[in-house]
Every structure is written in C-alpha cells, then in structure tokens.
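J.: quick one: sequence plus predicted model below, questions after.
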Amino acid sequence: MDLSPIQKDILITLITLYHQASHSIKGEEIADVLKRNPGTVRNQMQALKALGLVDGVPGPKGGYSPTARAYKELNLADLEHQSEVQILRDGEKVKGVRVAELSFTTLCHPDLCHAMVKIIGSVKLFRVGDMVSIGPTPVNKLLVRGEVFGMDENQQLLLISVSEMISLPKQTIRHYMSTPLLTLSPDATFRDAIRLFNAHHIHGAPVVQDGRLQGIVTLSDVARGLDEGLPLDAPVSRVMTADVVEAPPSIRLYELVGRFKEREIGRLVVVEDGKPIGIVTQTDIIRVFPSL
C-alpha cells in the first residue's frame with residue numbers, strides 16, 4: 001500500500017517509541033517528537049487504524065500500538081529481535097529514533113571519513129550541522145561521532161562527516177579495577193587517612209567494617225573536616241560519604257561512564273557478594289579511552 005510521508009513518519013515513530021517504552025503510545029507523544037499538531041496526528045491515526053496498521057488502546061493510560069502488518073509494511077519484521085543502537089545529538093538521546101544501519105562511504109580517503117546512517121524514525125528531527133554520536137554497536141561496541149552534512153528523507157538516511165571512532169572495551173571492570181583494595185575503618189583518624197593517601201598516591205579510599213562497605217572518604221573530605229575545625233585525631237566517619245556508588249565486577253567498563261557523569265563522582269566501589277573487592281576511578285576510565 002502507498003503511505004504518505006507523514007503517515008510513514010508517524011508509523012515509524014510509533015514503532016520506535018513503542019519498543020523503547022514497551023507500552024501503548026499517546027498521539028501527543030508522537031506529535032511532540034515530530035513537532036506536529038496533535039490533531040493532525042490523531043486524524044492520521046484514524047486512517048492508519050482503517051488500514052490495519054495501528055491498534056487503539058482505550059482508557060486514560062491508553063494510546064496506540066503498531067500491528068504486525070505495520071512491521072511488514074515498513075520492512076521491520078525483525079525489529080523486536082534487534083539490539084537498540086541509539087543516536088545522541090549534543091549529548092542527548094534523540095527520542096523516537098534508533099539506528100538501523102551504519103556504513104562508511106569514504107573510509108580510505110586521506111582527509112575525509114563519511115558515513116551513511118539509516119535510522120528508524122524521522123530524519124526531519126535533524127538539521128545539517130547537528131553533532132551526533134552513534135552507538136555503541138552491539139557486537140564491536142563501536143562509537144561514532146560526527147556532523148550531519150546531508151539527509152535523504154526517502155530512505156531515512158543521515159549523511160555524517162565522521163570526526164571520531166572509538167572501539168569501546170568489551171572486558172568487565174574486574175580487569176580494570178584497582179586491587180587489592182586499600183581501605184580505612186570507620187574509627188581511623190584523619191591522620192591515618194592522610195598517611196594512606198600519601199603512601200599509595202591515591203585521593204580516596206572505601207571505609208569498611210567487618211568486610212562490609214560503610215562509606216568512602218576522600219582527601220577533599222579530610223580537608224573540609226580540618227577546615228571546619230576538626231582535629232587530625234577525628235575519625236573519618238565524621239566526614240565520609242555514606243551513599244557510595246557501587247557496581248558489580250561483571251559490568252563492562254564503558255557502561256560506567258554514565259554513572260560517573262550523572263553522580264558527579266570520581267570513583268566507585270566494586271562489590272561482589274556484598275563485599276567490596278576493588279575500586280574504579282575516573283582516571284582508570286580516562287586511561288582506557290581519554291576522549292570520553
């Protein structure tokens with residue numbers, strides 16, 4: 001069947017949002033992504049329902065969901081079995097869009113590296129000059145960054161001038177964490193902490209009691225405590241941070257980058273079976289891929 005460009009945009013956006021949210025999608029959500037009038041989207045939804053491409057879900061939490069026929073019509077039959085590859089613009093995930101294919105067109109050029117990015121969603125959400133980041137890809141963990149210099153609305157393609165490609169490490173943080181773990185007890189003094197930091201050239205350490213993580217204390221915490229008038233014999237428990245960011249040793253290193261940025265932290269503790277076994281710092285991450 002022949003769908004109009006707006007119908008294709010709406011249907012593709014519905015499918016993308018549906019897979020991201022795993023529930024029915026309201027017309028207003030689609031209109032917000034496509035920058036369209038909600039009334040226009042609702043009217044087109046009625047036409048798509050009549051064509052058997054969309055099901056309506058009634059109720060206050062209802063909305064629309066794509067039918068099996070919709071996937072077939074858009075050649076997306078295997079979408080539910082595919083890993084999601086995201087695309088970010090200026091560091092923010094572009095809602096209602098996912099990457100389907102990535103191919104390089106000028107890989108051997110001495111000065112240029114261009115790529116074509118086939119997306120599931122609407123290319124109209126992008127503008128020439130947008131800085132985008134694609135990935136990581138599911139198998140090789142490839143992250144591609146570049147600038148949009150062209151678009152093909154018929155094939156839903158973005159043309160990218162690639163500025164950077166990074167192959168993210170696949171190994172887990174067990175291979176990068178610092179171990180054996182250097183720790184302090186809750187009743188260790190500021191003086192003990194400073195000696196530990198100086199002796200091992202570190203800026204922080206977990207606070208552990210009976211094998212259990214109690215908190216974390218940094219050189220900045222000790223300096224703050226001294227500035228507030230606490231003596232060198234004060235216990236580190238007075239200034240430690242009890243809300244420690246933890247991670248299992250099975251998580252991959254590149255997955256931690258977001259946690260460091262979101263929590264604005266310099267280190268996290270690796271915990272296995274409830275016991276701290278190592279530590280990963282921002283320095284460890286920068287050492288592996290300095291451009292992140």
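T.: Structure received.
J.: tell me the secondary structure at residue 198.
T.: helix (DSSP: H, G, I helix; E, B strand; the rest coil).
J.: spatially nearest residue to residue 28, not counting backbone neighbours?
T.: residue 38 (5.0 Å; C-beta to C-beta, 6 or more residues apart in numbering). C-betas here are computed from N, CA, C, even on glycine.
J.: let me see the contact set for residue 241.
T.: When contacts are counted by C-beta atoms under 8 Å, 6 or more residues apart in numbering, residue 241 touches 215, 216, 217, 218, 221.
J.: show me what it is bridged to.
T.: Assessed by DSSP bridges, residue 241 has beta-bridge partners residue 216.
J.: ok, now how distant is it from residue 265?
T.: From residue 241 over to residue 265 the distance is 9 Å, taken as C-beta to C-beta, to the nearest Å.
J.: ok, for residue 144, nearest residue in space, not its chain neighbours?
T.: The nearest residue in space to residue 144 (C-beta to C-beta, 6+ apart) is residue 134, at 4.6 Å.
J.: any idea how far residue 85 is from the one you found?
T.: Applying C-beta to C-beta to residue 134 and residue 85 gives a distance of 7 Å.
J.: who has more neighbours, those two?
T.: residue 134 (23 against 19; other C-beta atoms under 10 Å).
J.: that one contacts residue 93, correct?
T.: No - if you go by C-beta atoms under 8 Å, residue 134 and residue 93 don't touch, sitting 11.3 Å apart.
J.: now for the two: what residues contact both?
T.: Listed as contacting both residue 134 and residue 93 by C-beta under 8 Å, 6+ apart are 86, 87.
J.: show me this structure divided up by domain.
T.: With domains defined by automatic domain parsing, the chain comprises 5-73, 82-167, 173-288.
J.: got a pLDDT number for the residue lying closest to residue 54 once chain neighbours are set aside?
T.: Nearest residue to residue 54 in three dimensions, chain neighbours excluded: residue 48, at 4.2 Å (C-beta to C-beta, 6+ apart). Turning to residue 48, the model gives it a pLDDT of 88.
J.: tell me the gap between stretch 170-183 and the middle of its chain.
T.: 22 Å (C-alpha atoms, centre = their mean, to the nearest Å).
J.: may I see the buried residues of the helix or strand of the chain with the lowest mean pLDDT?
T.: Across the helices and strands of the chain, mean pLDDT, DSSP states H and E gives its lowest value to helix 257-263, namely a mean of 73. Within helix 257-263, the residues scored as buried using 16 or more other C-beta atoms under 10 Å are residue 260.
J.: since that was my last question, I'll sign off now.
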